[in-house]
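Asker: okay, predicted coordinates and the sequence, questions at the end:
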Amino acid sequence: MLRKYKKVNDLHGIEFREKYIPEVAKPTYVILGLPDAGLVGGISTEFLISNGNFKEFAQVYSESHLPPISHISSGIAKSPISLYHRDNFILVHSWAAIPSGSVQALASALVEYLSKFSPALIISITGLPVQNRLDLEKPSPFWIANDESLGEEINRTGLMKRFEEGYIAGPYAPILLETARRGIRNLVVVVESFLDLPDPEAAAVALDVVSKYTGIQIDTSALLKEAEEVRAKIKGLMEQTRKEMPGYTSVKPSTYA
Amino acid sequence: MLRKYKKVNDLHGIEFREKYIPEVAKPTYVILGLPDAGLVGGISTEFLISNGNFKEFAQVYSESHLPPISHISSGIAKSPISLYHRDNFILVHSWAAIPSGSVQALASALVEYLSKFSPALIISITGLPVQNRLDLEKPSPFWIANDESLGEEINRTGLMKRFEEGYIAGPYAPILLETARRGIRNLVVVVESFLDLPDPEAAAVALDVVSKYTGIQIDTSALLKEAEEVRAKIKGLMEQTRKEMPGYTSVKPSTYA
Amino acid sequence: MLRKYKKVNDLHGIEFREKYIPEVAKPTYVILGLPDAGLVGGISTEFLISNGNFKEFAQVYSESHLPPISHISSGIAKSPISLYHRDNFILVHSWAAIPSGSVQALASALVEYLSKFSPALIISITGLPVQNRLDLEKPSPFWIANDESLGEEINRTGLMKRFEEGYIAGPYAPILLETARRGIRNLVVVVESFLDLPDPEAAAVALDVVSKYTGIQIDTSALLKEAEEVRAKIKGLMEQTRKEMPGYTSVKPSTYA
Amino acid sequence: MLRKYKKVNDLHGIEFREKYIPEVAKPTYVILGLPDAGLVGGISTEFLISNGNFKEFAQVYSESHLPPISHISSGIAKSPISLYHRDNFILVHSWAAIPSGSVQALASALVEYLSKFSPALIISITGLPVQNRLDLEKPSPFWIANDESLGEEINRTGLMKRFEEGYIAGPYAPILLETARRGIRNLVVVVESFLDLPDPEAAAVALDVVSKYTGIQIDTSALLKEAEEVRAKIKGLMEQTRKEMPGYTSVKPSTYA
Amino acid sequence: MLRKYKKVNDLHGIEFREKYIPEVAKPTYVILGLPDAGLVGGISTEFLISNGNFKEFAQVYSESHLPPISHISSGIAKSPISLYHRDNFILVHSWAAIPSGSVQALASALVEYLSKFSPALIISITGLPVQNRLDLEKPSPFWIANDESLGEEINRTGLMKRFEEGYIAGPYAPILLETARRGIRNLVVVVESFLDLPDPEAAAVALDVVSKYTGIQIDTSALLKEAEEVRAKIKGLMEQTRKEMPGYTSVKPSTYA
């Protein structure tokens, strides 16, 4: 017999179907890996899922907001957006690009759903496309926060530079505003990256920063060793993602230090 | 006098009009042939209809979800989507491409309608476009399932390899998710195929697999002999289908063994 | 003072305004001339209107489904779709292309309106674009029916060959299905034609067939003599019509005998 | 303090805000100058406004149906569509092109609003693009009417020829049908014109005809003297107007005498 | 803990979230800097914010009317549209282009929100693209008003010439009409500018005029010194803005003195 997911939430026409409601330790950190410039976020969460003993506990369904596409993993079809957990961490990973017309609804639904876990912090991971990416020995990480006290706290760690001035577009932008509205802290870890090429090195930098800040144990050496494979594997997603981002690149600095 | 179909269901603005309600033996298998890459599904079900003594019992109508197009068969106009039955089998065949904006609604309506027959399994047939199709002596079949226990069962038969990792888009994708939601088993038989050319050889491989798995009697030799004719006959549908699939090909592997 | 049409029906946002309700003898035949491939239908009904003493009794209006366009005839502005009658015949003629997004609504409204005359048969006239149209001495007529007993009846007359297998798209397609739903017989007379050029010769063939089948008196010699003029006159409508048919040609055979 | 217009009518999402309700003598004539081929109508009513002592009494507002554009006259911003009056005349003038998706709604609202003045006749002025416009010493005027008795009356004056057969599209088309529905007489004065160039000479011909038919005093010599200036001044509106008329030119004869 | 903005108004699906309700002295002047031709308005208000000790008191949010984009300032994400105040001045500044489909709704919501401060005058600042901008030693300012008495008052100051005749499109156009509807005075300061290049010199001219008219203290010398930097910094916004203005440039004179 087929095991059915239980439908628990239908928010803005977006359903969160849970296999079970996980016990998540405190302080709860949520890590978001949504397809974006350089797929830095998606590579990061995919690496955690494949290498970190995370357990899937929910999938996201939407007839109106997600494209008619299934992700196949070991022969089994799933929704392209899934949620995983381990210890005090929740991961949200998407195997498909978010349609540009749906990012606002998804952001609202996701933040509303996640709020029931009372997260101490939601961490979004993304790339900052830079022209001279090839010349950089190691891409630098920057932070964006939805609150000044969070910003000061991050600054004191010395782990990332402040993203001085510019724009952020795509799915992470409304999540920043939606979390602010609900009083949930949201940090965006922005790493210099390619725009059109999947960038596992940038993902490794992001994961190192997240590891140091949250205490999660991650060995990113495998990510660097298999960079070429990772790149080939998600080339298709890169193309889809680019199509959903006409006019905006995810993060665009006016100036940054 | 004109024989009217009886309207029995109006689901999501999609009507299923039945001539009669068929008695379908157990275990009930449903075979879906919807236009897709290589038209592998459509060729398969069309062959069964023409050669297998199946009886039409219902047609699908929708002012809002199907294009203003009629299929003509021996001078008589019909809805392009029809349902047929024989013994313990139900066939769903479409003579027209499903508009990309309607695949979600059609998937929901179709699964809801079919659920009244309590099918043991719904089998979707589709193609997997491969670059080297011309070099393959015999295209290989793969399986995708909406449930792990079904996957294990198929694996034990040795009839098909597991589709390791990738995407499925188009009408079969929401059917996989919609059946999972309702606890109905759904198997997709994926055969290596051309993308833009109708591929009767791939359909023959799919039918052989379906025959061995379900016990349905099919002699596919005629399909192979008349391959050229079949190809010419459905060239127009191939073109329509391609137009409805912008951005997605139906099945796209990241990696497959 | 201005004579107002009386509004009698508002179906699917489409109004039928009648000057008067005509007495139509039995058996009532309805002939449809809607713009389509080769404008075969439109030329046929226009010829009947101009040469056959038909009287206009109703016009079709729709703010949402028809374009902001008026047909001018002898200085007077009218709706582009009008209904005419004589003896036991009703004609429906359109001077403008039906927007592709409105064909379903118009088909439903038209069949609903016409049903009050309990027609014995609705005859749609259309063209079948063929590559070698220039080489044909006389284009051949084919039939499509919405019912098998009607098909057999037509076959027995020997007037037209059966249209074996293929598609019909555009406004006549939903009319075939809508009439079937309501138990009204619908015959489509399909004549080989040009695709992009108005084809009065094909219209003459269609009218000869209709004349022999229904007993209506028509002398089509004038139509053939003035073929060049007719062609020039409706070149503009041909262009509009083509624009409303992207992706579909009206009738597309897979195979035909 | 700012003088507010009083909102008096909200029809189909279109508001008519009146400074005051004018006393208009009988028989009341309404002259419409909406942007169209050659801007013949707009030039005509603009000339009457600038040279004829007409007083503005109402403006048309619509958030959903009019573009976010204001007309500036002597530094003061106004709605692009305004109504003026003098003696027994009402003018409707638009300084902006009507979006093609809004012509039906505007036509309905305008006719409904104007009906409260019980006009004896609504006169629309437009151009008939002709290829040989440059060769014409003086462009000819034609008439279109929404009623046969009106047509006969105009014919007896000998002022214009009958527009034999063809189409009219754009804002004047639904006004012809909407007035017919309400029993209001509507005459379209159609003058041979350029398609893409503002055509003051054609406007002068239209105004001469209107003057003779209605008795309104107009000296069009200034219009002819300043033709070049007029043309330069409304070049921008010409461009906007063209964009709103894809697929249709305003008046298209099949044949005309 | 994260400080939440209090949601105070939800107008047309647009929210104004206030940190606090400011005390604003009388007479209250509102200065609007929305992205437009030459970004003259945006540069002006950005300069006032950075150099004038203005305090942010509210942000504008809208899931349906604003793009999924956040402005980052010193690492902190904010809505791209914010409101500031000092003494008797309120500033409205947007860091992102207003989508063309949302200008009407934003105009209505903004005027409705601002009306609670009973402003003596709303001043919009914009550019007037001129071909010979490079040849102008100092660009000239013009005025547009929504009321004749306001126009006369401005004229008496001799600070600006009257904008004789033409169009204004984009977000300032519906604000002119919406303020007129509510009896609020609205002045548009229009300065000759580049179309596609950010134009700090034009902004300096606008600010000088505003300073003299309202008494606000501004030293625009820094703006002129850092013109090159300002231009580089907002090049991205210039591009976005251009995309939202297809078909219209913001202010288009037919003639101006």
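Answerer: That came through fine.
Asker: only C-alpha atoms for contact and neighbour calcs from this point on.
Answerer: OK.
Asker: what's the neighbour count on residue A:36?
Answerer: Residue neighbour count, defined by other Cα atoms under 10 Å in any protein chain shown, stands at 31 for residue A:36.
Asker: right, and it touches residue A:127 too?
Answerer: Yes. Under the criterion of Cα atoms under 8 Å, residue A:36 makes contact with residue A:127 at 7.2 Å.
Asker: now the strands for the stretch 1-150 of chain A?
Answerer: For the stretch 1-150 of chain A, applying DSSP state E, counting those that start in this stretch gives strands covering A:6-11, A:14-18, A:29-33, A:55-61, A:69-73, A:76-78, A:81-86, A:89-94, A:121-129, A:141-145.
Asker: give me the residues contacting the shortest one.
Answerer: Translated: strand A:76-78. A:59, A:70, A:71, A:72, B:144, B:145, B:146, B:147, B:148, B:151, B:176, B:177 (Cα atoms under 8 Å, 6 or more residues apart in numbering or on different chains).
Asker: just the terminal-to-terminal distance for stretch A:27-44.
Answerer: Taking Cα to Cα, to the nearest Å as the measure, stretch A:27-44 stretches 21 Å from start to finish.
Asker: what mean pLDDT does it have?
Answerer: For stretch A:27-44, mean pLDDT rounds to 91.
Asker: buried residues of that stretch, list them for me.
Answerer: Residues A:28-44 are the ones in stretch A:27-44 that count as buried (16 or more other Cα atoms under 10 Å in any protein chain shown).
Asker: which of those fall within helices?
Answerer: Here DSSP state H is the test, and the buried residues of stretch A:27-44 give A:40, A:41, A:42, A:43, A:44 as lying in helices.
Asker: which of the strands of the stretch 1-150 of chain A has the lowest average pLDDT?
Answerer: For the strands of the stretch 1-150 of chain A, the weakest mean pLDDT is recorded on strand A:6-11, namely a mean of 65.
Asker: can you find the helix or strand of chain A with the lowest average pLDDT?
Answerer: Taking all helices and strands of chain A together, the one with the lowest average confidence (mean pLDDT, DSSP states H and E) is strand A:251-255, at a mean of 53.
Asker: coming back round to it: quick one: closest of the strands of the stretch 1-150 of chain A to residue A:103.
Answerer: strand A:14-18 (11.5 Å; Cα to Cα).
Asker: surely residue A:64 meets residue A:15?
Answerer: No. In this structure, residue A:64 is not within contact of residue A:15 by Cα under 8 Å, at 10.6 Å.
Asker: stretch A:43-61 and chain B, any residue contact?
Answerer: No. For a cut-off given as Cα under 8 Å from any Cα of the partner chain, stretch A:43-61 has no contacts with chain B; the smallest distance is 8.5 Å.
Asker: so which bits of that stretch are buried?
Answerer: Within stretch A:43-61, the residues scored as buried using 16+ other Cα under 10 Å are A:43-49, A:52, A:54, A:56-61.
Asker: now residue A:207, nearest residue through space, not along the chain?
Answerer: The spatially closest residue to residue A:207, leaving aside those adjacent along the chain, is residue A:44, at 6.6 Å (Cα to Cα, 6 or more residues apart in numbering or on different chains).
Asker: hmm, residue A:124 and residue A:41 touching each other?
Answerer: Yes. Applying Cα under 8 Å, one finds residue A:41 in contact with residue A:124, separated by 7.2 Å.
Asker: which residues do those two both contact?
Answerer: Overlap between the neighbourhoods of residue A:41 and residue A:124 consists of A:32, A:33, taking contacts as Cα under 8 Å, 6+ apart.
Asker: and the closest residue to residue A:61 other than its chain neighbours, how far from residue D:137?
Answerer: Using Cα to Cα, 6+ apart and skipping the chain neighbours, the partner closest in space to residue A:61 is residue A:15 (5.0 Å). With the distance defined as Cα to Cα, residue A:15 ends up 71 Å from residue D:137.
Asker: who's more crowded, these two?
Answerer: Each of residue A:15 and residue D:137 had its neighbours counted (other Cα under 10 Å), and the higher figure belongs to residue A:15 (20 against 8).
Asker: OK, contacts around the residue nearest the centre of chain A?
Answerer: Closest residue to the average C-alpha location of chain A: residue A:33 at 2.0 Å, with Cα atoms, centre = their mean. By Cα under 8 Å, 6+ apart, residue A:33 lies in contact with A:40-46, A:91-94, A:124-126.
Asker: run the chain-centre distance for the lengthiest helix in chain A.
Answerer: If each helix of chain A is counted by residues according to DSSP H, the longest one is helix A:200-214. Its chain's C-alpha centre and that of helix A:200-214 lie 12 Å apart, by Cα atoms, centre = their mean, to the nearest Å.
Asker: quick one: that helix to strand A:141-145, angle?
Answerer: Compare the direction of helix A:200-214 with that of strand A:141-145 by axes from the mean of the first three to the mean of the last three Cα atoms, to 10 degrees and you get 60 degrees.
Asker: what is the subsequent helix or strand relative to helix A:200-214?
Answerer: The element immediately downstream of helix A:200-214 (helix or strand, assigned by DSSP states H and E) is helix A:221-225.
Asker: for that following helix, C-alpha coordinates in PDB please.
Answerer: Extracted in PDB, the C-alpha atoms of helix A:221-225 (Å, rounded to 0.1, in the frame of the first residue of the first chain):
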ATOM      1  CA  SER A 221      36.100  19.000   1.100                       C
ATOM      2  CA  ALA A 222      34.000  16.500  -0.900                       C
ATOM      3  CA  LEU A 223      32.100  19.400  -2.400                       C
ATOM      4  CA  LEU A 224      35.300  20.900  -3.800                       C
ATOM      5  CA  LYS A 225      36.600  17.600  -5.000                       C
END
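Asker: list the buried residues for it?
Answerer: The neighbour-count check on helix A:221-225 (16+ other Cα under 10 Å) flags residue A:223 as buried.
Asker: nearest spatial neighbour of the one residue in chain A that gets nearest to chain D, skipping sequence neighbours?
Answerer: As assessed by Cα to the nearest Cα, chain D sits closest to residue A:101 within chain A, at 21.2 Å. Sequence neighbours aside, residue A:65 is the residue nearest to residue A:101 in space, at 8.0 Å (criterion: Cα to Cα, 6+ apart).
Asker: and stretch A:171-186, how far from the chain's centre?
Answerer: Stretch A:171-186 sits 13 Å away from the centroid of its parent chain (Cα atoms, centre = their mean).
Asker: and it, is it in reach of chain E?
Answerer: Yes. Using Cα under 8 Å from any Cα, stretch A:171-186 reaches chain E at A:171, A:173, A:174, A:176, A:177, A:180, A:181, A:182, A:183, A:184, A:185.
Asker: who are the packing partners of the helix or strand hosting the third one?
Answerer: Translated: residue A:174. Under DSSP H and E, the secondary-structure element containing residue A:174 is helix A:172-182. For helix A:172-182, the packing partners by 3 or more Cα pairs under 8 Å, 6 or more residues apart in numbering or on different chains; DSSP states H and E come out as helix A:103-114, strand A:186-193, strand E:69-73, strand E:76-78.
Asker: tell me the most buried of those?
Answerer: Per residue and on average, the most neighbours among the helices and strands packed on helix A:172-182 fall to strand A:186-193, with a mean of 28 (mean count of other Cα atoms under 10 Å in any protein chain shown).
Asker: can you report phi and psi for residue A:153?
Answerer: When read as degrees, to the nearest 10, the backbone of residue A:153 gives phi -60, psi -50.
Asker: how much space separates it from residue A:111?
Answerer: Separation of residue A:153 from residue A:111 (Cα to Cα): 22 Å.
Asker: kindly report the same for residue A:210.
Answerer: Distance, residue A:210 to residue A:111, by Cα to Cα: 20 Å.
Asker: follow-up on the earlier one: give me the number of residues near the residue of chain A closest to chain D?
Answerer: Residues lying near residue A:101 (other Cα under 10 Å) number 14.
Asker: now it: how far from chain B?
Answerer: The gap separating residue A:101 from chain B is 14 Å, by Cα to the nearest Cα, to the nearest Å.
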